[in-house]
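Asker: Any chance you can model this:
(one chain, ligands or ions: 1)
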Amino acid sequence: MSIVLGPNQYGKAEVRLVRVDRDTARHRITDLSITSQLRGDFRATHESGDNTGVVATDTQKNTVYAFARDGVGSPETFLLRLARHFLQEPQISGGRWLAEQYGWERIAADPQPGPGVGHDHAFVRGGAERRTALVHADSAGPTVLAGLRDVTVLKSTGSEFAGFPRDRYTTLPETEDRILATDVSGWWRYEQSFVDTAGPEEYDERFAAVRSILLATFAELHSLALQQTVYAMGRAVLEAYPDIAEIRLSCPNNHHFLVDLDPFGLDNPGEVFFAADRPYGLIEAAVQRSAADDTSAGSGAPAGSGAPAAEHPVWSTIGGFV
Ligand SMILES: O=c1[nH]c(=O)c2[nH]c(=O)[nH]c2[nH]1
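Answerer: Residues are numbered from 1 along each chain as shown. As a prediction, the model looks like this:
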């Protein structure tokens, strides 16, 4: 029997970085949690504790803070900068750099705030929502994913669920009018053409645009199933942006059950709900370009087959849909 070291990576997880841009009196806050993980030839440290090639996780953390002194830019460009830096070491052949960004809004300084106003240097944290970015680097170069997590949305009508099979365990009534609520999380992958040319502004603008498309589609589509809504949201993003190769979405179905008010002699015409927190439906889907349209490397399916492209290696670093 021979035992060998398999795939491995190491680094510092969840480096909390808050950067204040204070070049004018109107400050800007960038609040990030960054994880840096290096891959390469680290057999010596695992097998014999020889740390000659090990860039300490503490050094990785310090590099994050030192680089932030020059400004962060967008999460994507900051991670690309870290990746390029660490890849200069010959023993490092790749890695994975992840950012989660928390949103801060300006506190309204005026009781009747208008657009573009708000306090210069006092902020309130947004909800659970985070913007995410991931740079995965290997011998093929860097791949960039952008995403979001836990964007909580609800529509109070415009959603049905009916036509599903019934067996002896089925109790769910069919409904033509229900609340549809979810926390949208997902990742999308930029084509190399976008990564080669985009700067921080392009990443920021694109993030905002994709988020808007996801929300508008959720709002506007009359939903016959959360599955239909999820697919439509992803589809709308790919239709709007040819340089987004693929998007993966994960959406819990945050059930709102109509409360039976009959025992109290009351009707309930879709007005009083119990918001359950678990169990919840979990609807996940990748929305892809068919192999014939996919221009990225590694597309394995036969051209013109209408089949999805082969799985890009970056997805194995996510460990699921998000
Ligand atoms: O949109 C839905 N999709 C389902 O698959 C499902 N299953 C269920 O019980 N409720 C719902 N709602």
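
Asker: how about the strands of the chain, start to end?
Answerer: 10-21, 28-40, 92-106, 123-138, 141-155, 180-190, 244-253, 256-258, 273-275, 281-288 (DSSP state E).

Asker: Which residues does the first one contact?
Answerer: Contacting residues not belonging to strand 10-21 are listed as 27-38, 42, 54, 57-58, 60-61, 64-65, 68, 71-72, 95-96 [C-beta atoms under 8 Å, 6 or more residues apart in numbering]. Where C-beta positions appear, they are placed from N, C-alpha and C, glycine not excepted.

Asker: Filter the residues you listed down to the buried ones.
Answerer: Among these, those classed as buried by 16 or more other C-beta atoms under 10 Å are 29-38, 42, 54, 57, 60-61, 64, 68, 72, 95-96.

Asker: which one is the residue of the stretch 101-250 of the chain found nearest the ligand nearest to, not counting chain neighbours?
Answerer: Of all residues in the stretch 101-250 of the chain, Leu226 sits closest to the ligand, at 3.5 Å by C-beta to the nearest ligand atom. Closest residue in space to Leu226, ignoring its immediate chain neighbours: Ile283 at 4.7 Å, by C-beta to C-beta, 6 or more residues apart in numbering.

Asker: Report the beta-bridge partners for that neighbour.
Answerer: Cys251 (DSSP bridges).

Asker: and it, how many neighbours?
Answerer: By other C-beta atoms under 10 Å, 19 other residues sit near Ile283.

Asker: ditto for Ile318
Answerer: 16.

Asker: Leu80 now?
Answerer: Leu80 has 21 nearby residues by other C-beta under 10 Å.

Asker: And Arg189, by the same measure?
Answerer: Neighbours of Arg189 (other C-beta under 10 Å): 24.

Asker: is it true that the residue of the stretch 101-250 of the chain closest to the ligand touches Cys251?
Answerer: Yes. Assessed by C-beta atoms under 8 Å, Leu226 is found in contact with Cys251 at 6.1 Å.

Asker: Comparing these two, which residue is more hemmed in?
Answerer: The residue with more neighbours, out of Leu226 and Cys251, is Cys251; 28 against 21, by other C-beta under 10 Å.

Asker: so how far is Asp58 from the more buried one?
Answerer: 38 Å (C-beta to C-beta, to the nearest Å).

Asker: Where do the domain boundaries of this protein fall?
Answerer: Per the record, the chain has its domains at 7-139, 151-322, by automatic domain parsing.

Asker: Let's have these in JSON lines, adding mean pLDDT.
Answerer: Output for these, formatted as JSON lines (pLDDT from 0 to 100):
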{"stretch": "domain 7-139", "mean pLDDT": "95"}
{"stretch": "domain 151-322", "mean pLDDT": "93"}
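
Asker: Now render those domains as TSV, adding distance to Leu145.
Answerer: Conversion of these to TSV gives the following (distance: least, C-beta to C-beta, whole Å):
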stretch	distance to Leu145
domain 7-139	4
domain 151-322	5
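
Asker: Which residues of the stretch 201-322 of the chain lie near the ligand?
Answerer: Counting by C-beta under 6 Å from any ligand atom, the stretch 201-322 of the chain comes close to the ligand at Ala225, Leu226, Gln227, Asn253, Gly281.

Asker: May I ask which of those has the most neighbours?
Answerer: Leu226 (21 neighbours).

Asker: and it, what is it in contact with?
Answerer: Leu180, Thr182, Cys251, Asn253, Gly281, Ile283.

Asker: What of Ala68?
Answerer: So Ala68 contacts Leu17, Arg19, Phe78 (C-beta under 8 Å, 6+ apart).

Asker: By neighbours, which of those wins?
Answerer: Phe78 (28 neighbours).

Asker: Spatially nearest residue to that residue (excluding sequence neighbours)?
Answerer: Of all residues not flanking Phe78 in the chain, Val72 sits nearest, at 5.0 Å (C-beta to C-beta, 6+ apart).

Asker: which residues sit in contact with that neighbour?
Answerer: Leu17, Arg19, Thr30, Leu32, Phe78.

Asker: Look up which residues are beta-bridged to the second one.
Answerer: When assigned by DSSP bridges, Arg19 has beta-bridge partners Thr30.

Asker: partners of the spatially most central residue of the chain in the sheet?
Answerer: When C-alpha atoms, centre = their mean is applied to the chain, the residue found nearest the centroid is Gly147 (2.7 Å). Applying DSSP bridges to Gly147 yields these beta-bridge partners: Thr132, Trp187.

Asker: wait, doesn't it sit right on Val322?
Answerer: Yes. Judged on C-beta under 8 Å, Gly147 makes contact with Val322 at a distance of 7.1 Å.

Asker: between those two, what contacts are shared?
Answerer: Ser185, Gly186, Trp187.

Asker: Next, format those as CSV and append distance to the ligand and neighbour count.
Answerer: Formatted as CSV, these follow (distance: C-beta to the nearest ligand atom, whole Å; neighbours: other C-beta atoms under 10 Å):
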residue, distance to the ligand, neighbour count
Ser185, 17, 21
Gly186, 17, 28
Trp187, 22, 23
